[in-house]
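**Student:** what's the 3D shape of this:
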Amino acid sequence: GGQTITTPVSALTGQGVPELLELVLLQAEVMELKADPKGTLAGSVVEAKLEKGRGPVATILVQNGTLKMGDSIVVGSTFGRIKAMTDYRGGKMTEAGPSTPVEVLGLSDVPAAGDKVEFYPDEKSAREVAQKRQEEERAKTYVVKARGLTLRDLRNKLSEEGLKQLNLVIKADVQGSVEAVRGMLEKVRNEEVEAKIILSGVGGVTKADIDLAAASEAIVVGFNVKPDGEARKEAEKRGVEIRTYNIIYELIEDIEAAAKGMLEPKFEESHLGTVEIRVRFQFSKKGIIAGSYVTEGKVTRNALCRVTRGKEEVYAGKVATLRHLKDDVREVTLGMECGLTFDDWT
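**Tutor:** Below you'll find the model as predicted:
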């Protein structure tokens, strides 16, 4: 007697999939779900992310009308003129009709999942609408404070100053992660304190995020992202704490524990420097030797390290040996060349 249709399916064997598709069509017919390819454009963002070399990328599901190359659109508080369209296989498209998912490039920023897509006759009018919405959002979240805050300081703030609010700046790798983290953190509250998210977005932690955190006495939380060099230096200078996580439950547990004043000590990363591997040698006995150049800070022997290729982490471990020219050295600093080997990486 309920309103929800259910059917058993198996992704492994394909059992029940034909029945599921029939029921979807039946339900659409019963609910009179219709769309006009020639009507006013309407759609929603399914997922969005910031890709290196491509900029903001949004996956949009067209719900009415037809989305075409070159269209000027407003998506939530972002805008843009569509420069490229691809289907779910990566093939190029020139237009997308109702019920068609499409990945688009050309937006000014990364939209939020669920944002509505609206058509505008030109890019100028789309920009004006988007900027007005951005100003309204800033007005809602604008907070003026004086200094940074760490999770370990939270208990003192609660007792000494009666702090009732924990301000957070959230950055994640994709919009779906942002929404998941945001949704869970917004539920963190007790009789003493509640979490308030003053900014959430896609991409690495930047200096602008640190400036906002310092002004609003907030903590910066990163999920599957890292701060850039400038952001890290600014955070140290202004006393802003940056916490990065790869597991969402650890993130939530830390914030909940801090709100209760029971945060356990945590081993935190201390960033020493960054090197660029410029040439790679493979030896049967020594393993991999990386001819490198120090681009930031310094590198030291026996330091823990990560090696990434693009966004993919290909090694995590320890620097085994460090050489400059023909000499074994303890550390190599900014602007110098060096040779590295790594523990258990062959």
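**Student:** Report the backbone C-alpha coordinates of stretch 201-209 in PDB.
**Tutor:** Taking C-alpha atoms only, stretch 201-209 is exported to PDB below (Å, rounded to 0.1, in the frame of the first residue of the first chain):
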ATOM      1  CA  GLY A 201      34.800  24.500  -1.900                       C
ATOM      2  CA  VAL A 202      36.600  22.200  -4.300                       C
ATOM      3  CA  GLY A 203      40.400  22.300  -4.700                       C
ATOM      4  CA  GLY A 204      43.500  22.600  -2.600                       C
ATOM      5  CA  VAL A 205      43.900  24.900   0.400                       C
ATOM      6  CA  THR A 206      45.000  28.400  -0.800                       C
ATOM      7  CA  LYS A 207      46.200  31.600   0.800                       C
ATOM      8  CA  ALA A 208      42.700  33.100   0.400                       C
ATOM      9  CA  ASP A 209      41.300  30.200   2.500                       C
END
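**Student:** Assign the closest residue to F283 other than its chain neighbours to helix, strand or coil.
**Tutor:** Distances taken as Cβ to Cβ, 6 or more residues apart in numbering place I289 nearest to F283, at 6.5 Å, with adjacent residues excluded. Where you see a C-beta, it was placed from the backbone N, CA and C, and this is true even at glycine. Following DSSP: H, G, I helix; E, B strand; the rest coil, I289 is assigned to strand.
**Student:** Could you do G335 as well?
**Tutor:** Under three-state DSSP, G335 comes out as coil.
**Student:** show me the contacts for the residue nearest to F283.
**Tutor:** R280, F281, Q282, F283, G339, L340, T341 (Cβ atoms under 8 Å, 6 or more residues apart in numbering).
**Student:** One more: V104?
**Tutor:** V57, A58, I60, L67, I82, A84, M85.
**Student:** I'd assumed V102 was in contact with the last one.
**Tutor:** The reference is to M85. Yes. Using Cβ atoms under 8 Å, M85 is in contact with V102, at 5.3 Å.
**Student:** Mind listing the shared neighbours of the two?
**Tutor:** Common neighbours of M85 and V102 (Cβ under 8 Å, 6+ apart) are L67, M93, A96.
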